[in-house]
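Asks: Any chance you could fold what I've pasted below:
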Amino acid sequence: MDSYQIQQTGHQLHTTDDVFDYSPAMKDIEYFLWHELADHYLEMIKGSLYNKENVESIRYTLYTIGLGVVKLFAPFFPTSPKRFTRTHTKPTKAT
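Replies: Presented below is the predicted three-dimensional model:
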C-alpha cells in the first residue's frame, strides 16, 4: 500500500513535468492530492495509526509523498517549496 502511493507520486511527478500547460497540470496535481492521497490513502491508514501499526512505514510514505507534492507545486508557488524544504526536511550531506 505504501509503495503504491509512492509510485503514484513518482508517476505524477513525471507526467506533470512533461506538460507545460498550467491548467491541466494543476488539475492533475490537485486531483492526486485530494482524491488519491486524502480520499484513499489517508482513509486506509487511519486504522493502522490508531492501533500504532506500521507507523514508521506510514511516516516514511507520508514524508516522501509530501515532499513530492511540494515539488509538484513548485512551478506554481516558487517560494513555498524552498521554505518548506528548509524547515521540514532532513539536511543531507553534499556528495
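
Asks: Let me know the helix or strand that residue 67 is in.
Replies: Residue 67 belongs to helix 55-73 when assigned by DSSP states H and E.

Asks: Residue 44 now?
Replies: Using DSSP H and E, residue 44 falls within helix 42-50.

Asks: Check which helices and strands that helix sits against.
Replies: helix 55-73 (3 or more C-beta pairs under 8 Å, 6 or more residues apart in numbering; DSSP states H and E). C-beta: built from backbone N, CA, C; applies to glycine.

Asks: Show me what the helix it packs on is packed against.
Replies: helix 2-17, helix 22-31, helix 42-50, helix 79-88.

Asks: between that helix and helix 22-31, how many degrees?
Replies: Compare the direction of helix 55-73 with that of helix 22-31 by axes from the mean of the first three to the mean of the last three C-alpha atoms, to 10 degrees and you get 170 degrees.

Asks: buried sites along the helix holding residue 44?
Replies: Using 16 or more other C-beta atoms under 10 Å as the test for burial, helix 42-50 gives residue 45.

Asks: tell me the mean pLDDT for the helix holding residue 67?
Replies: For helix 55-73, mean pLDDT rounds to 86.

Asks: What angle do helix 42-50 and it make with each other?
Replies: 150 degrees.

Asks: Need the CA coordinates for helix 55-73. CSV is fine.
Replies: Below are the C-alpha coordinates for helix 55-73, written out as CSV (Å, rounded to 0.1, in the frame of the first residue of the first chain):
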residue,chain,number,x,y,z
VAL,A,55,3.9,3.8,12.0
GLU,A,56,7.5,4.1,10.6
SER,A,57,6.3,2.9,7.2
ILE,A,58,3.4,5.3,7.1
ARG,A,59,5.6,8.2,8.3
TYR,A,60,8.2,7.5,5.6
THR,A,61,5.4,7.3,3.0
LEU,A,62,3.7,10.5,4.0
TYR,A,63,7.1,12.3,4.2
THR,A,64,8.0,11.1,0.7
ILE,A,65,4.6,11.9,-0.8
GLY,A,66,4.5,15.3,1.0
LEU,A,67,7.9,16.2,-0.5
GLY,A,68,6.7,15.0,-3.9
VAL,A,69,3.6,17.1,-3.7
VAL,A,70,5.6,20.2,-2.7
LYS,A,71,7.8,19.6,-5.7
LEU,A,72,4.8,19.3,-7.9
PHE,A,73,3.5,22.7,-6.7
